[in-house]
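Enquirer: Any chance you could fold what I've pasted below:
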Amino acid sequence: MLTEIITHTPPYVWGLLGFFVYRGLAARRDRDVPVWSLFILPVVLLALGIQGIAGHYGLAPMPLLTWLGAAATGSALGYRSLRADAVAQGVRGILMRGSWLPLVLVLAVFFTKYCAEVLIAMRPDLMLQPEAVVAVCALYGLLSGFFLGRLGRTLALYRALSEPARSSPFSAGQTG
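Expert: As a prediction, the model looks like this:
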């Protein structure tokens, strides 16, 4: 049965897996990246999550609200997961400290989506059960939100590095 699942997987899925592994492995090393490149993975994952929900459940309130709630939670967790010293001013843009976490997360996204698609193909009745809908939409939202939260934190830290230090009346030795 596993062989059947793998052989019936469209070729573009393996290309996506290769892209995710490449990006995840690249993230494990310190790297100097242009700001625009930080948007690639969160946007791709956001699109995959929304496509998965809209494609299977439409824009019904329960899946959409589940995804939105989980995405908000994931964003908060993702924002808090990035340490303040993980970002520095780079030559090309942002100097990012390496981490294995992005690789783990992209693989979690890939296998969540892959397993959901296999279950929908094999047991469409099961994937329409409310528990399955909530579980799948919550996982999509949590993982997409986590990447968006990390992106938000990265941009906030980078912006703070780029801003000139603001002077305060107390820094000039003035007393009141």
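Enquirer: Low-confidence stretches in this protein?
Expert: Counting by pLDDT under 70, the chain has low-confidence residues at 164-176.
Enquirer: which residues of this protein fall in helices?
Expert: With DSSP state H as the criterion, the chain has helices at 2-7, 11-26, 40-57, 61-81, 101-122, 130-162.
Enquirer: what's around the closest residue to Y140 other than its chain neighbours, how many residues?
Expert: Nearest residue to Y140 in three dimensions, chain neighbours excluded: G49, at 3.9 Å (Cβ to Cβ, 6 or more residues apart in numbering). The C-beta positions use only the backbone N, C-alpha and C, and glycine is treated the same way. By other Cβ atoms under 10 Å, the residues close to G49 number 26.
Enquirer: State whether G49 and G141 are indeed in contact, as I suppose.
Expert: Yes - using Cβ atoms under 8 Å, G49 is in contact with G141, at 6.6 Å.
Enquirer: How many residues are close by Q89?
Expert: 11.
Enquirer: dump the residue contacts of it.
Expert: Taking Cβ atoms under 8 Å, 6 or more residues apart in numbering, we find Q89 in contact with L95, Y158, L161, S162.
Enquirer: shouldn't the second one be in contact with P34?
Expert: No - between Y158 and P34 there is no contact under Cβ under 8 Å: 11.4 Å.
Enquirer: which one of the two has more residues nearby?
Expert: With neighbours defined as other Cβ under 10 Å, Y158 and P34 compare such that Y158 has more, 20 against 10.
Enquirer: Would you quantify the distance from the closest residue to that one other than its chain neighbours to V33?
Expert: Leaving out its chain neighbours, the residue that sits closest to Y158 by Cβ to Cβ, 6+ apart is I94, at 5.2 Å. Separation of I94 from V33 (Cβ to Cβ, to the nearest Å) stands at 6 Å.
Enquirer: Redo the helices of the chain as TSV? Include distance to Q89.
Expert: Shown next, in TSV, are the helices of the chain (distance: least, Cβ to Cβ, whole Å):
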stretch	distance to Q89
helix 2-7	45
helix 11-26	20
helix 40-57	21
helix 61-81	20
helix 101-122	21
helix 130-162	5
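Enquirer: about what we covered before: shared neighbours, Y158 and P34?
Expert: Residues touching both Y158 and P34 (Cβ under 8 Å, 6+ apart) are G93, I94.
Enquirer: Counting neighbours around each, name which of I94 and V33 comes out higher.
Expert: Legend: neighbour count by other Cβ under 10 Å for I94 and V33, higher for I94 (22 against 17).
Enquirer: looking at it, the more buried one is touching L38, isn't it?
Expert: Yes - between I94 and L38 a contact is recorded at 6.8 Å, counting by Cβ under 8 Å.
Enquirer: any residues in contact with both of those two?
Expert: Common neighbours of I94 and L38 (Cβ under 8 Å, 6+ apart) are T154.
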